[in-house]
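*Asks:* Structure of the sequence below:
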Amino acid sequence: MWKPGKVVTILLWVLSIISIALCLYAFIRCGQLNEKNPEEREIMMGVIDPMFVWIYILVIITALCAIVMPLPQLIRNPKGLVRMVFGIVSFGLVILVAYLLSSSDPLPFPASHDPISEGTIKFADVNLYSLYIMFALTIITVLFSSVFVKLFRK
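*Replies:* This is a model prediction of the structure:
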């Protein structure tokens, strides 16, 4: 019989091993670099690029799991669809607020530094602001839930 828990465990182990291998590769390669040598900048980009690709792959896997895993439960209990839609809309609102807060103003780097595109700056700002918003919401949720639990237990 198919056991989803076992499949998820195996998937997590495989993803963890790949992540650890990429981190070790990056640490070993970065330890071999001489920062005073500008030609080694390309080597550094060769180390960083696979890490970014792996992060994108992990985000895609996470999004697929977040959508596919609840489907059997939603088929059995259609009322859960409302909570799922509420979660997706809430996440979209957080991203929208982060997008509205972010700016694409150029960063003040020395002339020798390669320019960073406005799209990259905007993307980084949206990610940082959404992280800050979600972190604040998490802390607020933990604090209020602990207060409400104490109130309702009395």
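*Asks:* any idea of the mean pLDDT in stretch 87-103?
*Replies:* Stretch 87-103 carries an average pLDDT of 91.
*Asks:* wait, what's in contact with Ala124?
*Replies:* Listed by C-beta atoms under 8 Å, 6 or more residues apart in numbering, Ala124 has no contact partners. Just so you know, the C-beta spots here come from the backbone N, C-alpha and C atoms, and that holds for glycine as well.
*Asks:* all helices of the chain, in order?
*Replies:* Secondary structure of the chain (DSSP state H): helices located at 4-31, 41-68, 71-76, 80-101, 118-153.
*Asks:* quick one, which of the ones you listed is nearest to Leu107?
*Replies:* helix 118-153 (6.7 Å; C-beta to C-beta).
*Asks:* buried ones in the closest one?
*Replies:* For helix 118-153, the neighbour count (16 or more other C-beta atoms under 10 Å) marks Ile121, Asp125, Val126, Tyr129, Ser130, Ile133 as buried.
*Asks:* what about the closest residue to Leu58 other than its chain neighbours, neighbour count?
*Replies:* Nearest non-adjacent residue to Leu58, counting by C-beta to C-beta, 6 or more residues apart in numbering: Leu15, 6.9 Å away. As a burial measure, Leu15 scores 15 neighbours (other C-beta atoms under 10 Å).
*Asks:* Against Gly5, how distant is Leu15?
*Replies:* Separation of Leu15 from Gly5 (C-beta to C-beta, to the nearest Å): 16 Å.
*Asks:* likewise Phe27?
*Replies:* 33 Å.
*Asks:* more crowded one of the two?
*Replies:* The neighbour comparison of Phe27 against Gly5 (other C-beta under 10 Å) goes to Phe27, with 11 against 7.
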